[in-house]
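**Student:** Sequence below, structure please.
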Amino acid sequence: MTDPHLADLRKTYAQRTLSEADVLPDAVQQFRQWLDEAIAAQLDEPTALTLSTVSAAGQPSSRVVLLKGLPEDAGFLFYTNYDSRKGQELAGQPLGALNFFWPGLERQVRVEGRIERAPETLSTEYFQSRPRSSQLGAWASPQSQVIGSREELEARETRMEEEFRAQNPLPRPENWGGYILRPHRVEFWQGRPSRLHDRIVYELEGNSWKRSRLAP
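**Tutor:** Below is the predicted model of the structure:
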């Protein structure tokens, strides 16, 4: 049954338009332009994205991570624990989807592609640039595994602090590092009135991008 309190929550999108003439020939460069605009608008967490992966049984799962780079303008870089649920799912099925939503600009971007591990040197460089507390947290947390309590996690952090007291920066755990999604499809969505939103999709054909308009 429809909840009337939820059914009545709606917003008219009317800030901007999006036409084929507005977008760049390259999908990742177009994304970079939109990301720069989201950062310039001082939106909360402009690099936050929803990452979706799928299990061997076909069960999709999603979580929010942060974008940490656009290497060579040809991929989307993020970092995580390789033993986490997403890491295990990517080991079995290296395909994924990203979704960026910037409500302050009435925009979203949907990205699909193949995901590969980032070079170890890149992962180490980034890991050791993080705050020390974040480095310790990566060592302390057995990400996605069941733990007995919050106190157990904090005790692990204390042990890591003792173990690495003389080291700064910390070494990167072997099970922690980056992934790069290599896109083959990128959709740019701009909210419009009457739910007649603008949707421009890029699809990779060989080494070039084909652009099309989709119905909302």
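
**Student:** On the three-state scheme, E152 is what?
**Tutor:** helix (DSSP: H, G, I helix; E, B strand; the rest coil).

**Student:** Report pLDDT for it.
**Tutor:** In the predicted model, E152 carries a pLDDT score of 96.

**Student:** Also the one 5 residues further on?
**Tutor:** At E157 the predicted local confidence, pLDDT, stands at 96.

**Student:** Backbone dihedrals for it, please?
**Tutor:** Per-residue torsions, E157: phi -60, psi -40 (degrees, to the nearest 10).

**Student:** Pretty sure it sits against S134.
**Tutor:** No: here E157 lies out of contact with S134, judged by C-beta atoms under 8 Å, at a distance of 11.2 Å. For glycine as for every other residue, the C-beta is placed from the backbone atoms N, C-alpha and C.

**Student:** helices or strands next to the strand ranked longest in the chain in the packing?
**Tutor:** Determined from DSSP state E, the single longest strand within the chain is strand 176-190. Contact partners of strand 176-190 among helices and strands, from 3 or more C-beta pairs under 8 Å, 6 or more residues apart in numbering; DSSP states H and E: helix 27-40, strand 76-81, strand 107-117, helix 120-127, strand 198-205.

**Student:** Next up, identify which helix or strand the closest residue to K86 other than its chain neighbours is on.
**Tutor:** In space, K86 comes closest to T53 once its chain neighbours are excluded; the distance is 5.1 Å by C-beta to C-beta, 6 or more residues apart in numbering. For T53, the host element (DSSP states H and E) is strand 48-54.

**Student:** Tell me which residue lies nearest the centroid of the protein.
**Tutor:** L49 (3.8 Å; C-alpha atoms, centre = their mean).

**Student:** ok, now which ones touch S141?
**Tutor:** 81, 153, 156 (C-beta atoms under 8 Å, 6 or more residues apart in numbering).

**Student:** Columns neighbour count and distance to G178 on top of the residues you listed, output as a markdown table?
**Tutor:** Output for the contacts of S141, formatted as a markdown table (neighbours: other C-beta atoms under 10 Å; distance: C-beta to C-beta, whole Å):
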| residue | neighbour count | distance to G178 |
| --- | --- | --- |
| N81 | 19 | 11 |
| L153 | 15 | 24 |
| R156 | 17 | 23 |
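
**Student:** Could you single out the nearest of those residues to V109?
**Tutor:** N81 (25.3 Å; C-beta to C-beta).

**Student:** tell me the angle of the helix or strand S62 falls within relative to strand 48-54?
**Tutor:** Under the criterion of DSSP H and E, S62 resides in strand 60-66. If you take axes from the mean of the first three to the mean of the last three C-alpha atoms, to 10 degrees, strand 60-66 sits at 150 degrees to strand 48-54.

**Student:** Other residues contacting strand 60-66?
**Tutor:** Taking C-beta under 8 Å, 6+ apart as the rule, strand 60-66 contacts 45, 47-55, 78-80, 85-86, 89.

**Student:** do the same with stretch 129-138
**Tutor:** So stretch 129-138 is contacted by 81, 127-128, 157, 160-161, 164, 168-170, 173, 176 (C-beta under 8 Å, 6+ apart).

**Student:** at 7 Å instead, please
**Tutor:** Residues outside stretch 129-138 that contact it (C-beta atoms under 7 Å, 6 or more residues apart in numbering) are 127, 157, 160-161, 168-170, 173, 176.
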